[in-house]
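*Asks:* here's a sequence, model it:
(one chain, ligands or ions: 1)
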Amino acid sequence: MKIELKNIRIVLVETSHTGNIGSAARAMKTMGLSSLYLVAPKILPDEQAIALSAGANDIVESAVVVENFNQAVADCSLVIGTSARSRHLAIPQIDPRGCGEQAVQYAEQDSKVAIVFGRERVGLTNEELLKCGFHLNIPANPNYSSLNLAMAVQLVSYEVRMAMLSRQQPMQTALSNEIHDKPTQQELDYFFQQTEQLYRQLNFIQNSGVMPKLRGLYARADLRKNELNILQGMLAAVKKSTVASE
Ligand code: SAH
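*Replies:* As a prediction, this is how the structure comes out:
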């Protein structure tokens with residue numbers, strides 16, 4: 001099913017600086033989001049907003065201006081409120097990655113999602129946060145956790161995009177092709193057994209510590225069948241030349 005990012009809206013509550021509206025629009029557009037709601041902005045989008053949107057003026061111009069929080073999220077099935085502090089309210093917490101995944105899942109079902117950002121100085125009120133299904137806190141430096149509004153929008157929009165990309169890619173096919181290419185445990189065991197035998201014979205392996213290390217090395221390499229064939233071939237070549245020189 002196609003993921004419609006237009007189902008995911010960014011809501012900015014009572015912004016003081018129109019520049020932040022523009023920067024947020026730019027952040028959204030770079031990640032493919034387009035739906036912007038403004039709750040009672042102190043100043044309506046102006047020249048400054050357009051300038052800072054750097055070409056994302058279409059998003060600024062089509063922003064929906066509403067009077068209050070409820071109007072901005074009324075038709076949404078998932079509302080995620082963001083906060084620079086974890087407020088310890090009884091609302092489930094979500095991290096940016098989880099937010100991206102949830103948002104995309106809802107959007108895929110054609111349900112509307114709102115990700116709500118607070119006022120530059122004071123964030124969202126507790127009352128507003130209590131209306132959200134989840135609280136999102138970007139796990140920043142605990143001693144300096146408040147991001148610039150548009151930067152917070154950028155980071156969350158990025159996670160939405162990443163979640164969308166990972167769902168859209170034909171991951172399953174890629175994965176199953178890769179799985180097809182993997183040697184069996186039996187083939188690997190045979191290779192290790194041959195390696196150990198040969199290198200013991202050559203006195204390179206003299207204790208039991210080497211093989212587990214080698215197994216670890218090859219496990220990290222996540223060998224494909226054709227790569228194991230090369231290693232087997234190399235082993236056979238060494239074997240042949242040692243036999244010949246004996
Ligand atoms: N002083 C305010 C911070 C406002 S920053 C406070 O303590 O709440 C403006 C907005 O940017 C916040 O309301 C939130 O929507 C977003 N934001 C900034 N830093 C964030 C963080 N670490 N995690 C989640 N959202 C953040």
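*Asks:* if you skip the residues just before and after it, what's nearest to residue 146?
*Replies:* Of all residues not flanking residue 146 in the chain, residue 84 sits nearest, at 4.1 Å (CB to CB, 6 or more residues apart in numbering). For glycine as for every other residue, the C-beta is placed from the backbone atoms N, C-alpha and C.
*Asks:* that neighbour against residue 149, yeah?
*Replies:* No. Taking CB atoms under 8 Å as the definition, residue 84 is not a contact partner of residue 149, at 9.9 Å.
*Asks:* more crowded one of the two?
*Replies:* A direct count of neighbours by other CB atoms under 10 Å for residue 84 and residue 149 places residue 149 higher, at 25 against 17.
*Asks:* how about that one, what does it touch?
*Replies:* Neighbouring residues of residue 149 by CB atoms under 8 Å, 6 or more residues apart in numbering: 12, 15, 20, 23, 24, 117, 120.
*Asks:* is it true that the last one touches residue 19?
*Replies:* Put plainly, it is residue 120. No. Residue 120 is beyond contact range of residue 19, at 10.3 Å (criterion: CB under 8 Å).
*Asks:* look at the residue nearest to residue 146 and give its secondary structure.
*Replies:* coil (DSSP: H, G, I helix; E, B strand; the rest coil).
*Asks:* could you measure from it over to residue 232?
*Replies:* Separation of residue 84 from residue 232 (CB to CB, to the nearest Å) stands at 56 Å.
*Asks:* what ranges do the helices span in the chain?
*Replies:* Secondary structure of the chain by DSSP state H: the helices cover 18-30, 47-53, 57-61, 69-73, 96-108, 126-130, 149-168, 171-180, 185-201, 210-221, 225-245.
*Asks:* so how far is the ligand from the residue nearest to residue 133 when sequence neighbours are not counted?
*Replies:* Leaving aside its chain neighbours, residue 133 sits nearest to residue 79 (5.3 Å; criterion: CB to CB, 6+ apart). Remark: distance between residue 79 and the ligand (CB to the nearest ligand atom, to the nearest Å) = 13 Å.
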